[in-house]
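Student: just coords:
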């Protein structure tokens, strides 16, 4: 860890504007500036903040059929998704550079005709430095999002330690957590759409298991973020809460430092002391002195998997 001094981190609990990704990016810029003005050096936004998390929408897909209105809903959703070379990413990159902040933010990423639930990393003056695509969309998410592969599981080296992100129920994948711990993650980011009471105990377990700081961020989103014709299984009253937040910051021994907050949009802050990570490793290091590689080993394939791979053309042999 480059910085051995305590520093402040922030978890952004805010609603996206799911019908307007550029407006959401501008909102994110304002929140980055606010958190930086309050001294935060590392900031975490929720899952699918850019592009939106369509809570309650079935996309017209009963078993064995796809309704035309579901195809229309997907087309609209696709149009709000993010391209890495797009204006939304450029806006957030500029904000990270200007505030010299480490920013971790969830988005819906376009890759051709496929969408991915993705986390983007911005490392201060370096700007955009990497991404993580969700490996395993949960339940009906698999209808609208593709699967990530092992090539986008980075842990980013920053001035404030190694920062990594695991999205929502990926956090229930023991082998993925183990891989993150093996990379020396110090700031473990968990953007999520899970606002259940069971989420915080899981975050405390991960902090204690990984001896790392856990920053989990969920939107506080109401029905009126969507137009009236948005299909929503949770109801159509404008003040219906679709996601109630529950963001939190957890220390390396499982102590809750901030949150969980269910009250509305907010920014949560806490001090991170890198020495506390080392104090925690004293009696438990999941992939170090507390592992048993003579019995258990995890093999991780970090190669990119693509449907179409072009082989290099065979060069003709020249005659001498």
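Tutor: Done, it's in. Not measured: the values here are computed from a predicted model.

Student: make it CA atoms for all contacts and neighbour counts henceforth
Tutor: Noted.

Student: element containing residue 156?
Tutor: Here residue 156 sits within strand 155-158, counting by DSSP states H and E.

Student: helices and strands around the very next helix or strand once past that strand, which ones?
Tutor: The element immediately downstream of strand 155-158 (helix or strand, assigned by DSSP H and E) is strand 161-165. Strand 161-165 sits against strand 155-158, strand 187-192, with contacts defined as 3 or more Cα pairs under 8 Å, 6 or more residues apart in numbering; DSSP states H and E.

Student: pick the most buried one from these.
Tutor: Each of those was scored by mean neighbour count; the highest is strand 187-192, a mean of 28, by mean count of other Cα atoms under 10 Å.

Student: from the chain's centre, how far out does it sit?
Tutor: Its chain's average C-alpha position is 6 Å from that of strand 187-192, according to Cα atoms, centre = their mean, to the nearest Å.

Student: quick one: residues in contact with that strand.
Tutor: Contacts of strand 187-192 with the rest of the structure, by Cα atoms under 8 Å, 6 or more residues apart in numbering, involve 44-47, 104-106, 161-169, 171, 212-218.

Student: pull up the pairing partners for it, direction included.
Tutor: According to DSSP bridges, the neighbouring strands of strand 187-192, each with its direction, are strand 161-165 (parallel), strand 213-218 (parallel).

Student: could I get those strands as TSV with distance to residue 84?
Tutor: Formatted as TSV, the entries for these read as follows, by distance: least, Cα to Cα, whole Å:
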stretch	distance to residue 84
strand 161-165	18
strand 213-218	22
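
Student: in TSV, list these along with mean neighbour count and mean pLDDT.
Tutor: Putting these into TSV (neighbours: other Cα atoms under 10 Å; pLDDT from 0 to 100) gives the following:
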stretch	mean neighbour count	mean pLDDT
strand 161-165	24	97
strand 213-218	32	98
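
Student: and those strands: which comes nearest residue 293?
Tutor: With Cα to Cα, the closest approach to residue 293 among the strands paired with strand 187-192 belongs to strand 161-165: 23.5 Å.

Student: I'd like the next helix or strand past that closest one.
Tutor: Tracing the chain C-terminally past strand 161-165 and defining elements by DSSP H and E, one meets helix 174-182 next.

Student: give me the angle between that next one and strand 187-192.
Tutor: Here helix 174-182 runs at an angle of 150 degrees relative to strand 187-192 (axes from the mean of the first three to the mean of the last three Cα atoms, to 10 degrees).

Student: so which elements touch helix 174-182?
Tutor: Right, helix 174-182 is packed against no helix or strand by 3+ Cα pairs under 8 Å, 6+ apart.

Student: let's see that with 10 Å instead.
Tutor: Other elements packing on helix 174-182 under the criterion 3 or more Cα pairs under 10 Å, 6 or more residues apart in numbering; DSSP states H and E are strand 161-165, strand 187-192, helix 199-210.

Student: neighbouring contacts of that helix?
Tutor: Where contact means Cα atoms under 10 Å, 6 or more residues apart in numbering, the residues beyond helix 174-182 that reach it are 135, 150, 153-155, 163-166, 170-171, 185-186, 188, 206, 209-212, 285-288, 298-300.

Student: so how far is the strand holding residue 156 off the chain centroid?
Tutor: For strand 155-158 - counting by Cα atoms, centre = their mean - the centre lies 15 Å from the chain centre.

Student: within the sheet, what are the partner strands of it, with directions?
Tutor: Using DSSP bridges, the neighbouring strands of strand 155-158 in the sheet come out as strand 161-165 (antiparallel).

Student: poorly predicted segments of this structure, please.
Tutor: Applying pLDDT under 70 to the predicted model, the residue ranges of the chain that meet it are 1-3, 314, 318-320.

Student: which residues in it form helices?
Tutor: Counting by DSSP state H, residue ranges of the helices within the chain are 21-37, 68-79, 87-99, 141-144, 174-182, 199-210, 274-281.
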